[in-house]
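[1] could you work out the structure for the sequence below:
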Amino acid sequence: TLIWPNMTLLHEHLSHLTRRSFLGDVSRGIGGIALGSLLHQEGLRAASDAPRIGLPGFPHFAPKARRMLCLFQSGGLSHVDLFDDKPMLHKHAGQEIPPSIKGTQRLTGMTSGQSAYPVVPPLMAGRRCGGHGTWISDLLPHIQTIADDICLVKSLHTEAINHDPGITYLNTGNQLPGYASMGAWVSYGLGTENQNLPAFIAMVSQGTGKNPGQPIFSRLWGSGFLPSSHQGVGLRPGANPVLYLQNPPGVERPQRRALLDDLARLNQMRADELGDPETLTRIKAYEMAYRMQASVPDLTDISGESAATLEAYGPDVSKPGSYAANCLLARRLLERDVRFVQLFHRGWDQHIAISRQLPNQCHDIDQPTAALIKDLKSRGLLEDTLVVFATEFGRTTFSQGKLGDPGMGRDHHGRCFSIWLAGGGVKPGFEYGSTDDFCYNIAENPVHIRDLHATILHCLGIDHARFSHKFRGLNVRLTGVEESHVVRDILL
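    Numbering: from 1, shown residues only. The predicted structure follows:
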């Protein structure tokens, strides 16, 4: 739980209040005054040249990971086709899924009215990879080569059955909009080690599977009820990665510096008077934008990358906004100690034409993802970077639509699905959890999304049970109020 600063800081803050602002703050409660005091001190630290530190007492213990990368595959990646083949799927191919397996679980409106639910085995063969013998589809030949670097969790589950609640749940810990994102929580708790770039940066790409894919909203990297200085910054493709960052024509950098200095003094006067945290956030935003005018062009200039590195990421690496290009930028951000980097890749929603769409989608991400893991490893970054390759839910074992039809697909399936993690204190070349013979229910070691969040925070040195923020009278946590556990069996 957030620990308030000592009372001397509170007294110092009160001594600078006018009668009007004091009465206004009292009307909002002593908690508001204390928060203003805390953020006032944070604002003073941010104005210096030192990187912004996190909350007092954070991290709670020595972290295995200093930074995190989330490769989010938006739309619901098919665990059945890519990571979880079973002999029974082939034995019962085309036959009705047994009622004892299907049970009475909720289906979406897209398949609930079907008269039949025939079993469909994986689209393509796969092979056992790495020392552990992890089965990975031949649709992902490059990811097959990193089997010894990843930890495959095959028993993740969620209550969400539709895209927006599912995507929101995995990224914010709640199915409802308005809550803080994972990256914002990490920025809030740990701060940043790079004063010239935001602590949290997000990028979005569109796949060649389902196009257009499910919409990705900026609230997925938003700060929710946390101070807005912790929201993610979206990088766009092209000449202007960050909107409104460049100076307008006729304004030189020294002029911009002088203007910001004057503006900061005015804002600081207002902050001293009222203790409004968003005033301090505004100062930070202006200062960060000024520093990013120099740091972002350097970040996005890949001319210094070797030909071998560019070739490893694949031919799309030279296309701004592609998944491959974003993977390379992610590595460049991580080596600059950006705390949390997130890529969103759209197009995994294969309700129809899965035999055509899924191979295309896999081709988008296979080579760049494997290259990124190898690149981080070769540079010594994987050891203290947690990489999470995730999606909002899986796909059904049975077909959506008529079996054998070119338009056949798979529906949403939240009862069990697969993700993988790498680096940052996670066991490499390891599998955890298992599903039944039809990849439809969890057979062993269930992992809820809340457990995943608790494990991510643990790798970063944070005890999820002691990490909360007061919101609407509640101590809100990323892991929510229900029971959640660190999945210790997958950790080194």
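[2] residue contacts, the residue most central in space within the chain?
    With distances taken as CA atoms, centre = their mean, Cys70 lies nearest the centre of the chain, 4.3 Å away. Contacts for Cys70 (CB atoms under 8 Å, 6 or more residues apart in numbering) come out as 182-183, 340-343, 387-388, 390. Using the backbone N, CA and C atoms, a C-beta is placed for each residue, glycine as well.
[3] got phi/psi on it?
    When read as degrees, to the nearest 10, the backbone of Cys70 gives phi -110, psi 120.
[4] tell me what it is bridged to.
    Gln342, Val388 (DSSP bridges).
[5] going forward, count from 42.
    Let's use 42 as the start, then, which means that last one is Cys111.
[6] how near is it to Ile191?
    14 Å (CB to CB, to the nearest Å).
[7] equivalent analysis for Ile395, please.
    24 Å.
[8] give me the more crowded residue out of the two.
    Neighbour tally, Ile395 and Ile191, criterion other CB atoms under 10 Å: the higher count belongs to Ile191, 29 against 25.
[9] would you map the helices across the stretch 342-491 of the chain?
    348-354, 364-375, 395-419, 490-500 (DSSP state H, counting those that start in this stretch).
[10] thought Leu286 was touching Tyr331?
    No. Contact criterion CB atoms under 8 Å: Leu286 and Tyr331 do not qualify, at 9.3 Å.
[11] next, count neighbours for the closest residue to Gly388 other than its chain neighbours.
    Taking CB to CB, 6 or more residues apart in numbering, and ignoring the residues beside it in sequence, Gly388 has Gly248 as its nearest neighbour in space, at 2.8 Å. Using other CB under 10 Å, Gly248 has 25 neighbouring residues.
[12] helix, strand, or coil at Ile177?
    Classification of Ile177 by DSSP: H, G, I helix; E, B strand; the rest coil places it in strand.
[13] my read is that it contacts Ile184, right?
    Yes. Using CB under 8 Å, Ile177 is in contact with Ile184, at 6.1 Å.
[14] which neighbours do the two share?
    Joint contacts of Ile177 and Ile184 (CB under 8 Å, 6+ apart) do not exist.
[15] just the pLDDT at His81, thanks.
    On pLDDT, His81 comes in at 45.
[16] let me see the contact set for Ala349.
    Per CB under 8 Å, 6+ apart, neighbours of Ala349: none.
[17] quick check: it vs His505, distance?
    40 Å.
[18] and for Leu110?
    20 Å.
[19] ok, these two, which is more surrounded?
    Per other CB under 10 Å, whichever of Leu110 and His505 has more neighbours is Leu110, with 28 against 24.
[20] residue contacts, the more buried one?
    By CB under 8 Å, 6+ apart, the residues touching Leu110 are 371, 375, 381-384, 413, 426-429.
[21] just flag the most distant two among the residues you listed.
    Using CB to CB, the contacts of Leu110 reach their maximum pairwise distance at Phe381 and Leu413, which is 15.7 Å.
[22] correct me, but Ile208 touches Ser115?
    Yes. Counting by CB under 8 Å, Ile208 touches Ser115, with 6.3 Å between them.
[23] which one's more surrounded, the two?
    Per other CB under 10 Å, whichever of Ile208 and Ser115 has more neighbours is Ser115, with 30 against 25.
[24] if I look at the more buried one, how far off is Gly279?
    To Gly279, Ser115 is 21 Å away according to CB to CB.
[25] from Asn212, how far out is the closest residue to Ile208 other than its chain neighbours?
    Nearest non-adjacent residue to Ile208, counting by CB to CB, 6+ apart: Glu433, 4.7 Å away. Distance of Glu433 to Asn212, given as CB to CB: 9 Å.
[26] run through the strands of the stretch 42-191 of the chain in chain order.
    108-115, 167-170, 175-178, 191-198 (DSSP state E, counting those that start in this stretch).
[27] each with direction, which strands does the second one pair with?
    Right, strand 167-170. Short version: by DSSP bridges, strand 167-170 pairs with strand 175-178 (antiparallel).
[28] can I get the strand it pairs with as CSV, trimmed to CA atoms?
    The C-alpha coordinates for strand 175-178 follow below in CSV (Å, rounded to 0.1, in the frame of the first residue of the first chain):
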residue,chain,number,x,y,z
THR,A,175,8.0,-28.2,-26.6
TRP,A,176,5.6,-28.7,-29.5
ILE,A,177,5.5,-25.6,-31.7
SER,A,178,3.7,-25.4,-35.1
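[29] report the distance from it to the chain centre.
    24 Å (CA atoms, centre = their mean, to the nearest Å).
[30] buried ones in it?
    175-178 (16 or more other CB atoms under 10 Å).
[31] and if you look at stretch 145-156?
    For stretch 145-156, by 16+ other CB under 10 Å, it's 148, 152.
[32] endpoints of it, how far apart?
    15 Å (CA to CA, to the nearest Å).
[33] show the pLDDT at Gly72.
    Taking Gly72 on its own, its pLDDT is 43.
[34] okay, now the unreliable bits of this protein?
    42-93 (pLDDT under 70).
[35] how about the helices in the stretch 92-241 of the chain?
    Here the stretch 92-241 of the chain has its helices, by DSSP H, counting those that start in this stretch, at 120-123, 128-132, 140-143, 182-185, 204-213, 223-231.
[36] for Gly275, give me its contacts.
    Gly275 neighbours (CB under 8 Å, 6+ apart): 242-245, 259, 262, 283.
[37] dump these to TSV, plus neighbour count.
    Formatted as TSV, these follow (neighbours: other CB atoms under 10 Å):
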residue	neighbour count
Ile242	26
Ala243	26
Met244	24
Val245	24
Ser259	13
Trp262	26
Val283	17
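[38] quick one: contacts for the residue nearest to Ile208?
    Per CB under 8 Å, 6+ apart, neighbours of Glu433: 115-117, 199, 201, 204, 207-208, 210-211.
[39] from those, pick the one nearest Gly316.
    Checking those against Gly316 with CB to CB, the nearest one is Tyr210 at 34.3 Å.
[40] share the number of residues neighbouring that closest one, please.
    Tyr210: 23 surrounding residues under other CB under 10 Å.
[41] re earlier: can you list residues touching both of Ile208 and Ser115?
    With CB under 8 Å, 6+ apart, Ile208 and Ser115 have common neighbours 255, 257, 433.
[42] which one of the residues you listed is nearest Gly465?
    Nearest member of the shared contacts of Ile208 and Ser115 to Gly465, counting by CB to CB, is Glu433, at 21.9 Å.
[43] how close does the closest one get to Ser115?
    7 Å.
[44] report the set of residues contacting both of the two.
    204, 208.
[45] who wins on neighbours among the contacts of Leu110?
    With neighbours taken as other CB under 10 Å, the top of the contacts of Leu110 is Phe381, carrying 29 neighbours.
[46] how about the nearest residue to it, chain neighbours excluded?
    Phe381 sits nearest to Gly224 (CB to CB, 6+ apart), 3.8 Å away.
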